[in-house]
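Undergrad: my questions are about this predicted structure, shown below with the sequence.
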Amino acid sequence: MGRILTLDDVESAIAGGSVFAAGGGGWVEHGRMLGTTAVTIGRPELVDMEEVSDDAWIATAAAIGAPASTTQWEMLGIDYVKAVELLQYELGDEVYGLMIGQNGMSSTMNAWLPSAVLGTKVIDAVGDIRAHPTGDMGSIGMANSPEQMIQTAVGGHRDSNSYIELVTRGATAKISPILRKASDMSGGFIASCRNPLRASYVRRNAALGGISRALTLGEAIRAAQSKGATAVIDAICKTTNGSILAQGKVTAKNVHYTQEAFDIGTITVRDGNRDVILHVMNEYMAVDDGDGQRLATFPDVITTLDTNGSPVSVGNVHEGMEILVFHINKTEIPLSASVKDPSVYPIVEKALGISLADYALA
């Protein structure tokens, strides 16, 4: 029996999803808009993969773009719905449910509004527990597949005539960059529905229970908030088996927006007598100390918190700010086929100029 998602779940999804956002994963207010609209106009239903028949179609609902607030973007809830409708029309069949590519401040709720409007189920599975910069990292093993996929994108800044509707077919690695370019052309943030796959494949390759984990974490955070900042931080660490890697002031932020809709660069935090460098590609992808010693690497969860224990996105981090660097080792989370796929790393390693695969695949 599925779980009907409620207004209370919206706030838990935001709170938990914001930790798994890893510095990206959308915007809190966008997530609140999506979730509140969904539970107000319909009854979005969260369904465990054990309840889904093997031959059911499951697609991925995602938002594509850079979350650091450096562009003029506009995405409405109806864009997520339209993206699903376009994919169903092209598929020539109904989609039973929608999974998400990643958790995040808003992305944990990417499938809720289509569920409320169209009746598709919210599948309790994710392409990645945490947020990540490329669609391939949430494509549950399809990144290097020659199989023809369908991907759609809908949205854009209307007043500047940047609204786009796009349907494309092809191998995932070839068509995913088209959606990212569409995101940039639309103003930097666009809704997508992509890669319809049979449930039997999703069951083997997705990170199962990913949305439930975000909700559970969010519930723990909200329960601790009345007890103060220390209680919130303790709840985050205890619920996830995570820890605080560093705490200090931001001494440098060098992050820039690219035409590929990425925010790329580094943020430096002074922790006592050492520097800690966070490598950013939309999200936090790695942490080094001042001597170049690696402290954390994707697919570990890496998140910045303010001194109240609230997650802070890359776009809201500024020099002089006191932050904590929170970390969950990859051994503490379910890993999808996406993050175990060597083909998803070269583009990110090239953009960042650091190695990820050596650590991520070890």
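TA: Thanks, I have it.
Undergrad: so Glu322 sits against Ala246, correct?
TA: No - look at Glu322 against Ala246 with C-beta atoms under 8 Å: they stay out of range, at 11.4 Å. C-beta: built from backbone N, CA, C; applies to glycine.
Undergrad: so if I had to pick from these two, which one is more boxed in?
TA: Ala246 (22 against 11; other C-beta atoms under 10 Å).
Undergrad: show the backbone phi and psi for that one.
TA: Backbone torsions of Ala246, given as degrees, to the nearest 10, read phi -160, psi 160.
Undergrad: residue contacts, it?
TA: The contact partners of Ala246, by C-beta atoms under 8 Å, 6 or more residues apart in numbering, come to Val269, Asp271, Val276, Val287, Leu295, Leu324, Val325.
Undergrad: bridging residues for the second one?
TA: Legend: beta-bridge partners of Asp271 under DSSP bridges are Arg274.
Undergrad: surely it meets Ile244?
TA: No - taking contacts as C-beta under 8 Å, Asp271 lies outside contact range of Ile244: 10.0 Å.
Undergrad: which one's more surrounded, these two?
TA: Asp271 (18 against 14).
Undergrad: show me the shaky parts of the stretch 51-200 of the chain.
TA: Along the stretch 51-200 of the chain, the model assigns pLDDT under 70 to residues 66-71.
Undergrad: quick one, strands of it?
TA: With strands called from DSSP state E, counting those that start in this stretch, the stretch 51-200 of the chain shows them at 57-65, 97-100, 121-126, 148-155, 164-171, 189-198.
Undergrad: re the thing from before, dump the contacts of Ala246 into TSV; add secondary structure, distance to Thr304 and pLDDT as well.
TA: Output for these, formatted as TSV (DSSP: H, G, I helix; E, B strand; the rest coil; distance: C-beta to C-beta, whole Å; pLDDT from 0 to 100):
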residue	secondary structure	distance to Thr304	pLDDT
Val269	strand	8	98
Asp271	strand	12	97
Val276	strand	11	98
Val287	strand	10	98
Leu295	strand	14	97
Leu324	strand	7	98
Val325	strand	6	98
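Undergrad: ok so, going back, pick the most deeply packed of the strands of the stretch 51-200 of the chain.
TA: strand 97-100 (a mean of 30; mean count of other C-beta atoms under 10 Å).
Undergrad: ok, it: who's next to it in the sheet?
TA: Strand 97-100 pairs in its sheet with strand 57-65 (parallel), strand 121-126 (parallel), by DSSP bridges.
Undergrad: how about the helices in this structure?
TA: Per DSSP state H, the chain carries helices over the ranges 7-20, 28-41, 77-91, 112-118, 172-186, 199-205, 210-224, 229-240, 346-352, 357-360.
Undergrad: out of those, flag the one nearest Met137.
TA: With C-beta to C-beta as the criterion, Met137 lies closest to helix 346-352 of the helices of the chain, at 7.8 Å.
Undergrad: packing partners of the closest one?
TA: Judged by 3 or more C-beta pairs under 8 Å, 6 or more residues apart in numbering; DSSP states H and E, the packing partners of helix 346-352 are strand 274-281, strand 283-289.
Undergrad: compare those strands and report which one is nearest to Leu34.
TA: strand 283-289 (19.4 Å).
Undergrad: buried stuff in the closest one?
TA: Of all the residues in strand 283-289, those buried under the rule 16 or more other C-beta atoms under 10 Å are Glu283, Tyr284, Met285, Ala286, Val287, Asp288.
Undergrad: tell me what angle it forms with helix 7-20.
TA: Orientation of strand 283-289 against helix 7-20 (axes from the mean of the first three to the mean of the last three C-alpha atoms, to 10 degrees) gives an angle of 40 degrees.
Undergrad: use 36 as the first number for this chain going forward.
TA: With 36 as the first residue, the last one maps to strand 318-324.
Undergrad: just to revisit the earlier point, and the helices of the chain as a markdown table, adding mean neighbour count and distance to Asn138?
TA: Formatted as a markdown table, the helices of the chain follow (neighbours: other C-beta atoms under 10 Å; distance: least, C-beta to C-beta, whole Å):
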| stretch | mean neighbour count | distance to Asn138 |
| --- | --- | --- |
| helix 42-55 | 25 | 4 |
| helix 63-76 | 20 | 11 |
| helix 112-126 | 20 | 16 |
| helix 147-153 | 25 | 13 |
| helix 207-221 | 20 | 19 |
| helix 234-240 | 18 | 16 |
| helix 245-259 | 21 | 5 |
| helix 264-275 | 18 | 12 |
| helix 381-387 | 17 | 18 |
| helix 392-395 | 17 | 18 |
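Undergrad: good, wrapping up.
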